[in-house]
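**Student:** Sharing a model prediction with you, sequence too.
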Amino acid sequence: MKMKGLVYREFFLSRKIIILEYMFAFIVIVMGILTRISMLYGNMAMLDRETLDSADNFTYYFFLYIPVIIMSCPLFSVIRSTVTDFNGKWMEMQYTFPVEESGWVIAKWIKNAIISVVAFVIGIVNAGIIKSIAEQRLSFIKDSELKAIVIIISLMFVLSCIFMFISCRYKSYNGVIARIAAIAILGYIGVMLYIYRELDKFIVKHSEFDVEQGMGIFLMHEYNKLMNINIYVKLIIAFIICATAVLMYVLTVRQLKRREM
Amino acid sequence: MNSKMEIDMDNYKYENAIEIKEISKKYKDFSLNNISFNVPKGSIVGFIGQNGAGKTTTIKSVLNIIKTDSGRINIFGMDNVKDEKKIKEDIAVVFDEMPFQEEFTPNNLNKIMKSIYDSWDEVVYKGYVERFGIPYNKKIGELSKGMKMKLQIATALSHNARLLIMDEATGGLDPVVRSEILDIFFDFIQDESNSILMSSHITSDLEKIADYIVFIDRGNILLSGYKDDILSEHAIIKCAKDEFVNIDKEYIVSSRQSEFGVEALTDDISKFEDKYKGMVIDRATLEDIMVYYVKRNTDNIKKG
Amino acid sequence: MDIIISNSSGDAIYKQIADQIQEMILLGRLKEGEALPSMRLLAKELRISVITTKRAYEELESMGLIESYTGKGSFVKGQNAELLKEKNLREMEDNLKEACEKAKLCGVSLNDMKELLEIMYE
């Protein structure tokens, strides 16, 4: 397995950011657990019904998903590592190794895969702890929260693959960040337009709620919509995500084979 | 057992470690024009030329780091593109800059290279690192330039490579370190199946160690052959301006006129000495040869 | 065995090596059948190109002084050393004879010749 040394190298180069993010995530997880305990048995249990309810909702999802997002951040260190590999002499040396071009790509993918799996496992454990505090059972297949964790991690993974390809193609921070920003802005505009449209429809239908309540219910509404999409649509989306990942892999390896040094 | 030996024998049946056959590569303001030369097995070839003359482009073509527009390159008798992975097990490349990032230590390097090369020998590597006086757990960023280069060489010599390619690797090093590195190369070449291709513009090193010299300028090979012959056939002649006028320019590569006389390079000193007696003749160094040939090429290009 | 080469003397390096080894053989310092250092080792120790040492050995071989076997190395050849010594002596005598005749033609006396010889021998 020629990749072993390269994977080791990837982890070694990203060790600082991995440790930082995991420490950060750990702190958030601990905070989440303490908050849950406080809400059920501690100080926060003494709040009034209304505040407790909205706090409950918010903190539940926040402390469930945020650690997962934090732990997925090291995935994006591929951008930096790719650009520095190309700008220094590393890629030239890489080309002198008896390793296929795909080896370099796969090493980064393996590192990201490992990070994703670890984020997933810790995310599940965190979910398990939070749910058991609230005396709910953790059921992997049925639990929509766990599915959401899987979706978040997969999306981050695929996104990092896309960014890695962009970094290979444009090889300089300016070029890469410009294109990522373009994608981010387009994505942001898309999401904002969608929310705008749905919010409009919602307000028309449910004009009786006040702002705070309304927002909360609107978000729950959207969330449930998301979780209950038709199974076929879900499969298609899953397929698109996998296909994108594969496409990125193929494009990245092809880019390396072009030998534009 | 027998068939493995046969395969090993086959691996060693080539005559030239590298055969470059008429490669060309066009860039916007530079091109390699039909470059051909060989690196015979067991020899050291010094590849000289100015910065930007095409040395690095040629070496990158040999290593398939860039693709050539035309021509073929054979390494160990095999095509450098088709059998690329097999060939690269036995090639070691040393660059002008340390490719590993600053935070790695020689220890880390060992772990990385171990799985990349089939014949990586940890014991040999540690031996070289120790011999070069590099602390095994010190970060690359804290090493001096000379030590970084020696670490690269240690890495290069630790996987039984049969071909060592150096691209301007000794550029920024002091004479003492360079001398030590030359000794290491002399050791390397003791095994007849090992070859070295060394590009450098520090011609004094190549004068000592090279068997052959290949001289490239602006994408063309101006001179190539045995180093001994090149050095013995060329010489610097110095004479008065009016004497120079009478010299048959067939013997002169190019000349340099000053207020007080003329200095010129001849490429056939024995014929020159027979014909023109009594002029001051000095040994030509590779550096002189380089300068005068480049001058001739420049003059020719200007003439159009 | 000591071999000393000069970068500034007019002679090609391979010739200097061949001459010095030839001298050692003719003077008996290298015996018949004795192994010479490998071409590569010699190149390494003298810090010169292998092509140079190879040429030196080829020259010695063409003079019949040594024999080279691939894989084994180069060895001093016995009988011809004596013959070559005699050949060199004869050549020297012929050259001296010619020098004397030329000297007489130019009117150089014997004493002058002796002085010149002393200077040249060094």
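**Tutor:** In hand now; what should we look at?
**Student:** which non-adjacent residue is nearest the most centrally placed residue in chain A?
**Tutor:** Nearest to the geometric centre of chain A sits A:M156, at 3.6 Å (C-alpha atoms, centre = their mean). Using C-beta to C-beta, 6 or more residues apart in numbering or on different chains and skipping residues adjacent in sequence, the residue nearest A:M156 is A:S72, 3.9 Å away. In short, each C-beta sits where N, CA and C put it, glycine included.
**Student:** for the chain, which helix is longest?
**Tutor:** The chain I'm using is chain A. helix A:3-41 (DSSP state H).
**Student:** nope, chain B please
**Tutor:** helix B:286-303.
**Student:** List the contacts of the residue most central in space within chain C.
**Tutor:** When C-alpha atoms, centre = their mean is applied to chain C, the residue found nearest the centroid is C:D19 (2.3 Å). Taking C-beta atoms under 8 Å, 6 or more residues apart in numbering or on different chains as the contact definition, C:D19 lies against C:D11.
**Student:** Show me what counts as buried in the helix or strand hosting it.
**Tutor:** C:D19 is part of helix C:13-26, with elements assigned from DSSP states H and E. For helix C:13-26, a neighbour-count test (16 or more other C-beta atoms under 10 Å in any protein chain shown) marks C:13-18, C:20-22, C:24-26 as buried.
**Student:** can the next helix or strand after it be found next to chain B?
**Tutor:** Counting by DSSP H and E, the next helix or strand C-terminal to helix C:13-26 is helix C:39-46. Yes - against chain B, helix C:39-46 shows contacts by C-beta under 8 Å from any C-beta of the partner chain at C:40-41, C:43-44.
**Student:** what's the distance between the closest residue to B:I59 other than its chain neighbours and B:N220?
**Tutor:** In this structure, B:I59 finds its nearest non-sequential neighbour in B:D167, 5.1 Å apart by C-beta to C-beta, 6+ apart. Remark: distance between B:D167 and B:N220 (C-beta to C-beta, to the nearest Å) = 19 Å.
**Student:** Can you pick out the residue with more neighbours from those two?
**Tutor:** B:D167 (23 against 16; other C-beta atoms under 10 Å in any protein chain shown).
**Student:** Break chain B down into its structural domains.
**Tutor:** What automatic domain parsing lists as the domains of chain B is B:2-226, B:231-303.
**Student:** whoops, I mixed them up, chain C
**Tutor:** C:13-78, C:81-121.
**Student:** next SSE after the strand or helix carrying C:R55?
**Tutor:** According to DSSP H and E, C:R55 maps onto helix C:50-62. Downstream of helix C:50-62, the first helix or strand assigned by DSSP H and E is strand C:66-69.
**Student:** what number of residues lie near residue 210?
**Tutor:** In the absence of a named chain, chain A is used. 7.
**Student:** wrong one, I was asking about chain B
**Tutor:** Counted by other C-beta under 10 Å, the residues lying close to B:A210 total 27.
**Student:** Repeat that for B:S179.
**Tutor:** Using other C-beta under 10 Å, B:S179 has 13 neighbouring residues.
**Student:** Going by neighbour count, which residues of the strand or helix carrying it are buried?
**Tutor:** Per DSSP H and E, B:S179 falls inside helix B:175-188. Neighbour counts over helix B:175-188 (16+ other C-beta under 10 Å) mark B:177-178, B:181-182, B:184-186, B:188 as buried.
**Student:** contacts with chain C among those, please.
**Tutor:** Answer for these near chain C (C-beta under 8 Å from any C-beta): B:182, B:186.
**Student:** If we go by neighbour counts, what in stretch A:218-235 is buried?
**Tutor:** A:F218.
**Student:** okay, the domains of chain C in TSV with distance to A:I37 next?
**Tutor:** As requested, the domains of chain C are exported to TSV (distance: least, C-beta to C-beta, whole Å):
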stretch	distance to A:I37
domain C:13-78	76
domain C:81-121	102
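**Student:** so of those, which one's packed in deepest?
**Tutor:** domain C:13-78 (a mean of 18; mean count of other C-beta atoms under 10 Å in any protein chain shown).
**Student:** Show the end-to-end separation of that one, please.
**Tutor:** End-to-end distance for domain C:13-78, by C-alpha to C-alpha, to the nearest Å: 25 Å.
**Student:** so B:G46 is in which element?
**Tutor:** For B:G46, the element it lies in under DSSP H and E is strand B:44-48.
**Student:** Using PDB, write out every CA atom in that strand.
**Tutor:** In PDB, the C-alpha atoms belonging to strand B:44-48 read as follows (Å, rounded to 0.1, in the frame of the first residue of the first chain):
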ATOM      1  CA  ILE B  44      28.400  10.900 -14.700                       C
ATOM      2  CA  VAL B  45      27.000  13.400 -17.200                       C
ATOM      3  CA  GLY B  46      27.400  17.000 -16.400                       C
ATOM      4  CA  PHE B  47      24.600  19.100 -17.900                       C
ATOM      5  CA  ILE B  48      25.700  22.700 -18.200                       C
END
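**Student:** Which residues does the next helix or strand after it contact?
**Tutor:** Counting by DSSP H and E, the element after strand B:44-48 in chain order, helix or strand, is helix B:55-62. Contacts of helix B:55-62 with the rest of the structure, by C-beta under 8 Å, 6+ apart, involve A:92, A:261, B:18, B:20, B:23, B:25, B:27, B:30, B:32, B:35, B:47-49, B:66-68, B:73, B:75, B:80, B:165, B:167-168, B:197, B:199, B:216, B:219.
**Student:** do the same with stretch A:28-41
**Tutor:** So stretch A:28-41 is contacted by A:44-45, A:52, A:55-56, A:59-60, A:62-64, A:66-67, A:70, A:122, A:126, A:129-130, A:133-134 (C-beta under 8 Å, 6+ apart).
**Student:** The residues you listed: which ones sit near chain B?
**Tutor:** Counting by C-beta under 8 Å from any C-beta, no member of the contacts of stretch A:28-41 reaches chain B.
**Student:** Among these, name the buried ones.
**Tutor:** Using 16+ other C-beta under 10 Å, the buried members of the contacts of stretch A:28-41 are A:44, A:56, A:59-60, A:63-64, A:66-67, A:70, A:122, A:126, A:130, A:133.
**Student:** contacting residues for residue 105?
**Tutor:** Since you didn't name a chain, this refers to chain A. Contacts of A:V105 (C-beta under 8 Å, 6+ apart): A:164, A:249, A:252-253, A:256.
**Student:** think we crossed wires, I meant chain C
**Tutor:** Taking C-beta under 8 Å, 6+ apart, one finds nothing in contact with C:L105.
**Student:** For it, identify the helix or strand it belongs to.
**Tutor:** Assigned by DSSP H and E, C:L105 falls in helix C:80-106.
**Student:** What of A:L186?
**Tutor:** Using DSSP H and E, A:L186 sits within helix A:173-205.
**Student:** Kindly state the pLDDT recorded for residue 108?
**Tutor:** Picked chain A for this. On the pLDDT scale, A:K108 is placed at 94.
**Student:** Oops, wrong one, chain C.
**Tutor:** pLDDT, C:V108: 86.
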